[in-house]
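K.L.:
Build the 3D model from these lines:
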Amino acid sequence: MTTSEAFREQKKNKRSQRKATRIVLQVGIMIALFAALFYYVFATSSSEGVTFIDVLTNIKMEYLLLAFLSYLAINVLFTIRLQRVLRREGIKTSFTKTLLAQYAGMLTSDVTPARSGYILTPVYLRDQGVPAPVSLSGILGIQSVEFLIKVLGGTLALIFLVQMVPLTQEILILAILGVSLMLIGGIVLAAMSWSQRVIGIVQKITNHKLLKRFTGGLMDKLEEYAVNAKKTRKAFPEILSLSFACWIFKGLEWFFLGLALGIILNPNFAVAWLAFFLIHPLVTALGFAPTPAGMGAQEWGIVIVLQLFGIASVTALSFALLARGLLVIEDLIGVPQIVKTSSILFTKKKNQTNAKMPVQD
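P.N.:
Numbers count the residues shown, from 1 in each chain. Predicted coordinates for the structure are as follows:
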């Protein structure tokens with residue numbers, strides 16, 4: 001082995017060690033969050049008089065089925081949205097195969113930090129001959145619109161909570177601060193989608209020597225966002241309308257999950273649905289915590305918010321676990337696509353390796 005090969009191998013081993021360390025750390029944080037959450041719930045459940053057995057034995061299966069169907073509708077709309085964006089690039093795809101790729105991307109996101117695994121969806125579209133740069137650009141453009149919608153939803157949720165439930169002065173201050181920061185972030189991201197001048201201003205701010213050490217690769221991410229948002233700008237109306245429809249179905253999914261567990265946040269069913277409709281984007285922001293798909297952090301958020309409405313901690317935790325489990329179970333539809341893609345990639349890599357091997361006389 002030459003010196004350069006040894007150096008590359010050493011560098012590769014260091015990267016692998018760092019990656020393994022990050023994974024162990026992320027799993028450790030997740031376990032700690034869940035341990036603290038279960039300890040908190042069991043510590044408070046004795047005074048509430050509700051047990052997990054009480055909750056599980058009284059689940060209404062018809063509403064649970066409606067929640068599954070709502071999530072199915074969301075993935076169907078996600079698939080149509082992706083197809084529409086690709087069609088604007090002159091690429092036609094099969095609905096069934098794209099739906100399987102969608103589920104595969106969602107399943108990958110279920111087990112990766114900050115749900116970053118969804119970015120692998122272009123890989124799962126390869127069997128349809130979709131160029132990876134095109135599909136990646138479309139997905140990032142879609143995600144940029146998704147983020148703006150979540151900013152809007154989270155902002156409205158905070159305002160809704162202030163109106164509907166009693167909040168302490170400290171929580172109120174945090175709510176106002178959160179609304180302000182989310183609004184500023186949303187306005188900046190929207191402006192970056194349309195103006196190169198705004199990108200330049202943000203770049204100057206983030207590259208300042210006092211901020212650069214804290215922002216790290218933030219500017220690269222923002223520029224990536226802006227470039228891909230511009231590529232899908234013509235499809236914004238379609239992306240926006242379909243994303244909003246997905247948000248409505250997500251509210252229905254959580255509403256039906258609540259009904260399955262006997263959770264009614266308001267006697268008026270319309271207001272009860274509106275509560276779940278608004279709470280979801282606020283709570284799912286915790287999905288970007290440094291654990292696989294925000295596991296642990298998101299469940300804490302759900303429990304805390306539902307307790308504000310007077311829901312028992314055991315029931316709130318049951319809702320959080322069901323909401324997580326529903327996604328993972330239905331996303332298993334994407335397993336065949338993951339297996340198929342992995343097989344194709346493995347075969348391709350093996351053929352390339354064999355082609356590079358010298359022929360023996």
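
K.L.:
got any ranges where the stretch 201-350 of the chain has weak pLDDT?
P.N.:
201-232, 287-288, 345-350 (pLDDT under 70).

K.L.:
is it true that A293 touches R115?
P.N.:
Yes. Contact status for A293 versus R115: in contact at 5.2 Å, counting by CB atoms under 8 Å. Glycine gets a C-beta too; all of them are placed from N, C-alpha and C.

K.L.:
where in the stretch 1-150 of the chain is pLDDT low?
P.N.:
For the stretch 1-150 of the chain, applying pLDDT under 70 flags the ranges 1-7, 9, 11, 114.

K.L.:
Can you show me the helices along it?
P.N.:
3-48, 52-57, 61-87, 95-109, 121-124, 132-164 (DSSP state H, counting those that start in this stretch).

K.L.:
Tell me the helices and strands packed up against the shortest one.
P.N.:
On a contact count with 3 or more CB pairs under 8 Å, 6 or more residues apart in numbering; DSSP states H and E, helix 121-124 meets helix 95-109, helix 132-164, helix 335-356.

K.L.:
any chance of the ones you listed in CSV, plus distance to L82 and mean neighbour count?
P.N.:
Compiled in CSV, the helices and strands packed on helix 121-124 are given as follows (distance: least, CB to CB, whole Å; neighbours: other CB atoms under 10 Å):
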stretch, distance to L82, mean neighbour count
helix 95-109, 6, 22
helix 132-164, 7, 19
helix 335-356, 14, 12
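
K.L.:
ok, T112 - contacts?
P.N.:
Residues counted as contacts of T112 (CB atoms under 8 Å, 6 or more residues apart in numbering) are P292, A293.

K.L.:
ok, now how distant is it from M164?
P.N.:
As defined by CB to CB, to the nearest Å, T112 lies at a distance of 34 Å from M164.

K.L.:
Also G251?
P.N.:
Counting by CB to CB, the gap from G251 to M164 is 15 Å.

K.L.:
likewise M61?
P.N.:
Distance from M61 to M164, by CB to CB: 29 Å.

K.L.:
picking up where we left off before, so which of the helices of the stretch 1-150 of the chain gets nearest L326?
P.N.:
L326 lies closest, by CB to CB, to one member of those: helix 61-87, at 6.1 Å.
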